[in-house]
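Chemist: The following block contains a protein sequence and its predicted model.
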Amino acid sequence: MKKVIVTGGAGFIGSHTCVELAAAGYEPIIVDDLRNSQERAVHGIARIIGRMPRWHLVDCTDEAAMERVFAQEGHVHGVMHFAAHKSVPGSVDDPVEYYRNNIRSMVVVVRTMQRHEVRRIVFSSSCTVYGEPAVLPVSEAQPDRNATSPYGFTKVACEQLLRDVSASPAGRELRSVLLRYFNPVGAHPSAHIGELPLGVPNNLVPFVTQAAAGLRPAVTVFGDDYGTPDGSCIRDYIHVVDLARAHVAALDWMEPRPAPLCEVFNIGTGVGHSVLEVLRTFTEATGVDVPFMVGPRRKGDVPVVYADTRKSSAVLGWTSGLTLRDALRDAWRWQCSLKEEVVQ
Ligand code: UD1
């Protein structure tokens, strides 16, 4: 089986991607320091794929430790690089830590790949690189250095690093795909893995499921005075299982293509939903009411963003198949499986 190193493989998107890699016949090798994830994700993956995945408790910014991982694993087909800090407000509070961690881990991963002649990488980027798009839906051709937070700029920088490496003599044989995710939500339908935010969730859907479970007070809708039909912000919510499959599609797609290759794709559904629609759809999908109130706008929020998915469907041959309703049902199933254990 072809080994694929998955940094951040115990995290939300990484864990779902390990499952889809295994389903496609690859062997996922998890590298995660569990700083923002838990070992239970590795056991959850094992329950779904029927075997314990190989995994290394390693911080990706530790070059010596990453060197040992690659040396120990022998021939590695490719890398999927998820490991990164991901809180927008966290990055505003401590930008130096975001630049240190997110950029250093990218540097270490690429350096280690070069030493071991590993020549395929899929990078976890974000629609945050577009900032507030001038045209909707937002396509890959639109300006992509308009991030509005230090977190967003670490994604811009890591994308650029891969482009620069591809254009360099050392990158002649490198194939890289940059996937710009819109808003990943949901959980595996088995409810063995899902999102495990530590502390109070920043993101909408985990807050909604925790509020519906009575673990949090009412959801605050951050503004209902935007220029959208119901006044709340609009996002493109993509089921995490569809997103995970996009990674496998990217790896398969790059295989027969000539190197160097560095291609970027939006990964979303192409459809926008407002915050109020998410709340309503959650209740329709689960039968559970979510207490909510309308509060002020959140600083830095973009009013509307959703993906132009034409390139990913035409070139990558990938499209999303699951709906927001599916995602909210699965996120709720996951929340119920956690009972009350994950709250601080
Ligand atoms: C942002 C980034 C995304 C990044 C993610 C990481 C943009 C466009 N998106 O997503 O790239 O990966 O952060 O955390 O920069 N909301 C509420 N109440 C809440 C929480 C959220 O109303 O309690 C609203 C927000 O105003 C927003 C929507 O729900 O309109 C989604 O918010 P969230 O889940 O935090 O994701 P983004 O901010 O869109």
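Modeler: Structure's in. What do you need?
Chemist: From now on I want contacts and neighbour counts done on CA atoms only, so please keep to that.
Modeler: OK.
Chemist: For the protein, just list every one of the strands.
Modeler: Ranges of strands within the chain are 2-7, 26-32, 54-57, 78-81, 120-126, 175-181, 183-185, 219-222, 234-235, 237-239, 261-267, 273-274, 292-295, based on DSSP state E.
Chemist: so which of those strands comes closest to the ligand?
Modeler: Smallest distance to the ligand across these (Cα to the nearest ligand atom): 3.5 Å, for strand 219-222.
Chemist: Would you point to the one among the strands of the chain that's packed deepest?
Modeler: strand 237-239 (a mean of 27; mean count of other Cα atoms under 10 Å).
Chemist: Which of the strands of the chain sits closest to Thr154?
Modeler: Comparison of these against Thr154 by Cα to Cα identifies strand 120-126 as nearest, at 9.3 Å.
Chemist: What's the mean pLDDT across that closest one?
Modeler: For strand 120-126, the mean per-residue pLDDT is 98.
Chemist: Can you list the strands that that strand pairs with?
Modeler: Partners of strand 120-126 in the sheet, by DSSP bridges, are strand 78-81 (parallel), strand 175-181 (parallel).
Chemist: any chance of the ones you listed in CSV, with mean pLDDT and distance to Pro256 too?
Modeler: Output for the strands paired with strand 120-126, formatted as CSV (pLDDT from 0 to 100; distance: least, Cα to Cα, whole Å):
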stretch, mean pLDDT, distance to Pro256
strand 78-81, 98, 14
strand 175-181, 98, 10
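Chemist: what would those strands look like in JSON lines with distance to the ligand?
Modeler: Shown next, in JSON lines, are the strands paired with strand 120-126 (distance: least, Cα to the nearest ligand atom, whole Å):
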{"stretch": "strand 78-81", "distance to the ligand": "15"}
{"stretch": "strand 175-181", "distance to the ligand": "7"}
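Chemist: could I get the strands of the chain as JSON lines with distance to Val304?
Modeler: Below are those laid out as JSON lines (distance: least, Cα to Cα, whole Å):
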{"stretch": "strand 2-7", "distance to Val304": "31"}
{"stretch": "strand 26-32", "distance to Val304": "33"}
{"stretch": "strand 54-57", "distance to Val304": "38"}
{"stretch": "strand 78-81", "distance to Val304": "28"}
{"stretch": "strand 120-126", "distance to Val304": "15"}
{"stretch": "strand 175-181", "distance to Val304": "15"}
{"stretch": "strand 183-185", "distance to Val304": "12"}
{"stretch": "strand 219-222", "distance to Val304": "13"}
{"stretch": "strand 234-235", "distance to Val304": "5"}
{"stretch": "strand 237-239", "distance to Val304": "12"}
{"stretch": "strand 261-267", "distance to Val304": "16"}
{"stretch": "strand 273-274", "distance to Val304": "9"}
{"stretch": "strand 292-295", "distance to Val304": "18"}
